[in-house]
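A.B. asks: no sequence for this one, just the structure:
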């Protein structure tokens, strides 16, 4: 199993789409706070501090996560069907279950790294420009590790969904297109149906799509914490099982 | 030690109602070079994909190195090196990086096998050139190097000479023969270049429309490839009458170009020629020949090589 995960990391390191994504996001993460900085400077409004910026804009990171999942699912997983690499992997004398878990691990780590670019680069930049400031009222010293930790956990859950889509569609174009539409629309669809059918409302309330919005809350009630942790974990487990189920039965062309 | 590295038992594969493989019983003896012959869509790649675990049989079973149990089969595939349909390469990696990725995947300790393999297939000078910029021949060589990583006992190659120049074809053939001779690697090789297969295979399997028509050794094939006298004269109609009347045989074929293949008379060239001359025929060509693998294959699948 170690060598299967090691090769996924090796491939990730050499994957051009991954590096392009990281660099592009880093550039956007540098430009985005600068626009606020110059805007506030000209209008005379007080500048964001690093802590304020992180708390306020962490929700925007969801788009970076969704984009990262869709692009990497296409170029890191589905593309291996087109290049024939999946044939080499599948005939390497390892069970399909192990292969899928290794692939998911490499993919999830890749997207997790992508998910950290915006919060880290932007927060560091704003801190350098205007200082770190004070943590939001009601938060503790664990605010930043909690935000980053939950970001990683929710990213892994999104990655599990992306990997499942990739293994079903096996075509990079279809995977990127479908993942992008699905991940961008799922909130609107679930929220819309949920407003009419109570059951779907509950499903949406306890899905990663809704709960990811709570990552940046200054404080989380102890009663909400189990759901905030369990939902992404269950999503990962369920999607991984479904992915293994599909991958074990699929002929590789 | 098992006598056979691969045996299939009534192996069948259906795709949406179409039988791509139909009850195939194939066996590959250890140490042999098995030439797998069939037209496009005959089922060669399907069988290879089932053996390597890329697809699952609809019916029947596969026995690799004497084992057919599911988990043991997965383990047995670690002893196989393969290049299926087209070389599977990471386009943005160099030859060396491609091999390194596969080395890690297979858990092969030590990096020294990477330059060794590159040298073996003549790609040691490719440096930082990415695989996407390789010629098809170079890609084939790299695919072979990847298949050879970890010193497999059984090598499965699907059209390995595709895209190779004549020298490349010869080098590939010599390399495969050397591997078979010196390392005892069993090789299953499918190719459309039958003349090329004829120069290296010790065994043959002929597949057509999903059915394995025949398995035979090179010796058996040589015996079956009939020898004949090829005659070309100014009047083929008259020549056939002479052959029937003077030589008393109907065991001949008239080709579309007017040439005549006369079987079972190879030891009587003077008798044949004098009969033709006596009839006043002008002989343009008179030579003894034997059928090659291509003709035998075409006959076996029911086609006509001269049409």
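C.D. replies: Structure's in. What do you need? None of these values were measured; they are calculated from a predicted model.

A.B. asks: name the SS class of the nearest residue in space to residue B:184 that is not next to it in sequence, please.
C.D. replies: Closest residue to residue B:184 apart from its sequence neighbours, by C-beta to C-beta, 6 or more residues apart in numbering or on different chains: residue B:31 at 5.5 Å. Where you see a C-beta, it was placed from the backbone N, CA and C, and this is true even at glycine. Put simply, residue B:31 is coil when judged by DSSP: H, G, I helix; E, B strand; the rest coil.

A.B. asks: could you pick out the residues of the stretch 151-253 of chain A near chain B for me?
C.D. replies: Counting by C-beta under 8 Å from any C-beta of the partner chain, the residues of the stretch 151-253 of chain A lying close to chain B are A:249, A:251-253.

A.B. asks: so which of these is the most crowded?
C.D. replies: residue A:252 (21 neighbours; other C-beta atoms under 10 Å in any protein chain shown).

A.B. asks: which secondary structure element is home to the residue nearest to residue B:269 when sequence neighbours are not counted?
C.D. replies: Excluding the flanking residues, the one nearest residue B:269 by C-beta to C-beta, 6+ apart is residue B:229, at 6.6 Å. If you go by DSSP states H and E, residue B:229 is part of strand B:227-233.

A.B. asks: that strand packs against which elements?
C.D. replies: Judged by 3 or more C-beta pairs under 8 Å, 6 or more residues apart in numbering or on different chains; DSSP states H and E, strand B:227-233 is in contact with strand B:260-263, helix B:269-278, strand B:283-290.

A.B. asks: so where's the stretch 201-307 of chain B uncertain?
C.D. replies: Across the stretch 201-307 of chain B, the ranges flagged by pLDDT under 70 are B:303-307.

A.B. asks: and the residue of it nearest chain A?
C.D. replies: residue B:210 (15.9 Å; C-beta to the nearest C-beta).

A.B. asks: quick one on the thing from earlier: run me through the strand neighbours of the strand holding residue B:229, direction for each.
C.D. replies: Using DSSP bridges, strand B:227-233 pairs in its sheet with strand B:260-263 (antiparallel), strand B:283-290 (antiparallel).

A.B. asks: can you give me the offset of it from its chain's centre?
C.D. replies: The chain centre lies 28 Å from the centre of strand B:227-233; the measure is C-alpha atoms, centre = their mean, to the nearest Å.

A.B. asks: could the strands paired with strand B:227-233 go into TSV alongside mean neighbour count and distance to residue A:105?
C.D. replies: Output for the strands paired with strand B:227-233, formatted as TSV (neighbours: other C-beta atoms under 10 Å in any protein chain shown; distance: least, C-beta to C-beta, whole Å):
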stretch	mean neighbour count	distance to residue A:105
strand B:260-263	18	64
strand B:283-290	12	59
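
A.B. asks: could you dump the ones you listed to JSON lines with distance to residue A:93?
C.D. replies: Shown next, in JSON lines, are those (distance: least, C-beta to C-beta, whole Å):
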{"stretch": "strand B:260-263", "distance to residue A:93": "49"}
{"stretch": "strand B:283-290", "distance to residue A:93": "43"}
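
A.B. asks: between the ones you listed, which one is closest to residue B:143.
C.D. replies: Of all the strands paired with strand B:227-233, strand B:283-290 sits nearest to residue B:143, with 34.2 Å by C-beta to C-beta.

A.B. asks: residues in contact with that closest one: which ones?
C.D. replies: The contact list for strand B:283-290, computed with C-beta atoms under 8 Å, 6 or more residues apart in numbering or on different chains, reads B:225-234, B:259, B:261, B:266, B:269, B:272-273, B:276-277.

A.B. asks: tilt between it and helix B:269-278?
C.D. replies: 160 degrees (axes from the mean of the first three to the mean of the last three C-alpha atoms, to 10 degrees).

A.B. asks: next SSE after strand B:283-290?
C.D. replies: As assigned by DSSP H and E, the chain's next helix or strand after strand B:283-290 is helix B:293-300.

A.B. asks: relative to strand B:283-290, how tilted is that next one?
C.D. replies: 80 degrees.

A.B. asks: centre of the chain to helix B:293-300, how far?
C.D. replies: On C-alpha atoms, centre = their mean, the centre of helix B:293-300 falls 13 Å from that of its chain.

A.B. asks: same thing with stretch A:63-79?
C.D. replies: Taking the mean of its C-alpha atoms, stretch A:63-79 sits 9 Å from the chain's own mean (C-alpha atoms, centre = their mean).
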